[in-house]
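K.L.:
My questions concern the predicted model and sequence given below.
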Amino acid sequence: MKPEMKTIITALFLTLFCSLASKAQTNMVYGEMHSIFLETPKDWVRATHQQLPYFIKPDKSDVSEDTYMYVYGLDYSFQPEADEWIEANNISMVEAFPDIKIESLNLKFDNIVNEGYLTGNYTIVTYEYPNKKKEALLAIECRNTIATVVLAAKDAAEFDSYLNAFIELVESLKILNTVLKEE
């Protein structure tokens, strides 16, 4: 790669990072092939989770431990399809929880379009477990990544009360292609 091109790419990345970093609680989740920039919704705070790089909970003391959101990216050596990925996940969920209720959730996001690393395809489903816990799973199709956003709550009422925060989180997402190499 020519030095001029490296300079341009570095400048673009720094411009994007600085514009995102100027907003409150901007965060980044990254993998070998993706970088996901996002903002923590109002009245939510970062929490620690051993397996998830971005895990948040409502900033309230009277909320169930079963209520949280997280963002995660899964990289592939091929272009995955969101619909197929969700279908495979649904099959696994039914095997693990035979009485689970799975439904589509019809939400539209103007920031998930066929541009750059995104294909514009995404699928959202909800899972209602036998113990009444309810989750929304959004799978966003990228060129070599499935980015996931999850809202989990102890029951449907708590789920409904935090659905707007889920929407706010998803609307803040910016997903880019990243190539990490060891030197």
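P.N.:
Done, it's in. Just so we're clear, the structure is a prediction, and the values are computed from it rather than from any experiment.

K.L.:
Where does pLDDT dip in this protein?
P.N.:
1-26, 180-183 (pLDDT under 70).

K.L.:
helices or strands up against the longest strand along it?
P.N.:
Across the chain, the strand with the greatest residue count (assigned by DSSP state E) is strand 118-128. Judged by 3 or more CB pairs under 8 Å, 6 or more residues apart in numbering; DSSP states H and E, strand 118-128 is in contact with helix 82-96, strand 101-104, strand 134-142. For the C-beta atoms, the positions are set from N, CA and C on the backbone; glycine is no exception.

K.L.:
Same list as before, those that is, but in JSON lines and with mean neighbour count and distance to Val45 included.
P.N.:
Formatted as JSON lines, the helices and strands packed on strand 118-128 follow (neighbours: other CB atoms under 10 Å; distance: least, CB to CB, whole Å):
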{"stretch": "helix 82-96", "mean neighbour count": "14", "distance to Val45": "28"}
{"stretch": "strand 101-104", "mean neighbour count": "12", "distance to Val45": "29"}
{"stretch": "strand 134-142", "mean neighbour count": "23", "distance to Val45": "20"}
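
K.L.:
what's the closest of the ones you listed to Thr119?
P.N.:
Thr119 sits nearest to strand 134-142 of all those, at 4.6 Å, using CB to CB.

K.L.:
What strand or helix carries the spatially most central residue of the chain?
P.N.:
The centroid of the chain falls nearest to Val149 when counting by CA atoms, centre = their mean (2.9 Å). Per DSSP states H and E, Val149 falls inside strand 145-153.

K.L.:
Now do the buried residues in the helix or strand following that strand.
P.N.:
Downstream of strand 145-153, the next assigned helix or strand under DSSP H and E is helix 156-171. Within helix 156-171, the residues that count as buried by 16 or more other CB atoms under 10 Å are Glu158, Phe159, Tyr162, Leu163, Ala165, Phe166, Ile167, Leu169, Val170.

K.L.:
ok now do the first one, which residues does it touch?
P.N.:
It refers to Glu158. Shown in contact with Glu158 (CB atoms under 8 Å, 6 or more residues apart in numbering): Val63, Ser64, Thr67, Lys134.

K.L.:
quick one: it and Gln51, what's the gap?
P.N.:
Glu158 sits 23 Å away from Gln51, going by CB to CB, to the nearest Å.

K.L.:
what's the answer for the fourth one, then?
P.N.:
Relative to Gln51, Leu163 is positioned 24 Å away (criterion: CB to CB).
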